[in-house]
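S.K.: coords below, sequence missing:
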């Protein structure tokens, strides 16, 4: 799925979770579309979401804000949202002390293992 010129990704539904693998930039330009599309997917279900951001080159404050909003949306729907990170994204998240809230995981497989059973 092409979210914007600078942000692309794929969506896969696996049992009771959906996995998004994203590449590019999660910044002020791509954030509105990213938040809208993922918000619609959370509403559609499954409610447990894994965001694989290991191929993301850059996240700015608006991207972090969108991630926080999507975590809250998933939790309000009775689900979870976990983020598979890379060193660059992890560093940005740790700067604002959101690593626990955003449930950073080392791999997609570990994130899937953390998804509660149906």
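M.R.: Ah, there it is. Please read all numbers here as calculations on a predicted model, not as lab measurements.
S.K.: Which residue ranges of this protein form strands?
M.R.: Ranges of strands within the chain are 7-14, 17-26, 48-59, 81-84, 104-105, based on DSSP state E.
S.K.: looking at the ones you listed, which is buried most?
M.R.: Of all these, strand 81-84 has the most neighbours on average by mean count of other C-beta atoms under 10 Å, namely a mean of 25. All C-beta atoms are positioned from the backbone trio N, CA, C, and that covers glycine.
S.K.: Show me what that strand is packed up against.
M.R.: Counting contacts by 3 or more C-beta pairs under 8 Å, 6 or more residues apart in numbering; DSSP states H and E, strand 81-84 packs against strand 48-59, helix 61-76, strand 104-105, helix 108-114.
S.K.: OK, contacts around residue 111?
M.R.: 50, 82-84, 103, 105 (C-beta atoms under 8 Å, 6 or more residues apart in numbering).
S.K.: of those, the lowest pLDDT goes to which?
M.R.: Within the set of the contacts of residue 111, pLDDT is lowest for residue 103 (92).
S.K.: residues contacting that one?
M.R.: Counting by C-beta under 8 Å, 6+ apart, residue 103 has contacts 71, 80-83, 111, 114.
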